[in-house]
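S.K.: the following comprises the amino acid sequence and a computationally predicted model.
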Amino acid sequence: LKKIFENIKNVNIITITEATKNYHISDFIDGYKINIFLRDKNNMKYEKEIYSLLYLSYYLMISKNLFHCDWHFGNFLVKLDKNDKIILYILDTGLMGQLNNEHYNKIKILLITNILYPLPINIIKFLASINLNDNANVKLFIKESKENIDTKINYLDVIDNSNVDYQNIIIKILKISTKHNLKFPIIILFMFQAIIFLNNIKEGN
């Protein structure tokens, strides 16, 4: 992960100095959780910069097929450097994931479209294509998902993001997939967790 970000000066990966199965010891980082940092109205001017660094981090991890599998406020810290530029620190690298070549090739198709703001219809199609259970009823999953999700949402909607509730959409689709016995690589669920996390930040949640 450090190698992926070695040329990104505003993103730092935590340095682990000692590790066992039960714990790790790392450098101390003097920073703030993103949600705490942005509570200060004086820091709101950095929101776009923070979001851009998170988006870049997500994209680089997916494109290099090495993904941080625990996206929440406790695993990201921010601080200002001497030039008042945001530095993003990525913590807790103990849970990482990779996709096999077949699934990674399908992810790359989403990268070409929009991995962070996927259209709901593309989420449905992607999950159908990456299903691991041969006994799942994929056709019914697609049919029921289309009936329960607003598949008319277009790219203008997702870029604006004001009317797209990704958390609700993703949870609904996953519930329907469970009903019809679809199974996915666990990293796919962590990717969706990250999408929800990133969009909640953008929406100010």
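M.R.: Received it, and whenever you're ready, just let me know what you need.
S.K.: what is the least confident helix or strand in this structure?
M.R.: The helix or strand of the chain with the poorest confidence is helix 155-160; it has a mean of 60 (mean pLDDT, DSSP states H and E).
S.K.: pull out the buried residues from whichever helix or strand residue 123 is part of.
M.R.: Taking DSSP states H and E as the definition, one finds residue 123 inside helix 120-130. Residues 120, 121, 122, 123, 124, 125, 126, 127, 128, 130 are the ones in helix 120-130 that count as buried (16 or more other C-beta atoms under 10 Å). Placement of C-beta: from N, CA and C, glycine included.
S.K.: kindly export that helix (C-alpha atoms) in CSV.
M.R.: Taking C-alpha atoms only, helix 120-130 is exported to CSV below (Å, rounded to 0.1, in the frame of the first residue of the first chain):
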residue,chain,number,x,y,z
PRO,A,120,-27.9,1.7,-9.6
ILE,A,121,-28.6,-0.3,-12.8
ASN,A,122,-24.8,-0.9,-13.1
ILE,A,123,-24.6,-2.1,-9.5
ILE,A,124,-27.3,-4.7,-10.2
LYS,A,125,-25.7,-5.9,-13.4
PHE,A,126,-22.3,-6.0,-11.7
LEU,A,127,-23.5,-8.1,-8.8
ALA,A,128,-25.3,-10.4,-11.1
SER,A,129,-22.1,-11.0,-13.1
ILE,A,130,-19.9,-11.5,-10.1
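S.K.: residue boundaries of the strands in the protein?
M.R.: Remark: strands assigned in the chain by DSSP state E are 11-13, 16-19, 24-26, 32-33, 67-68, 76-80, 86-90, 96-97.
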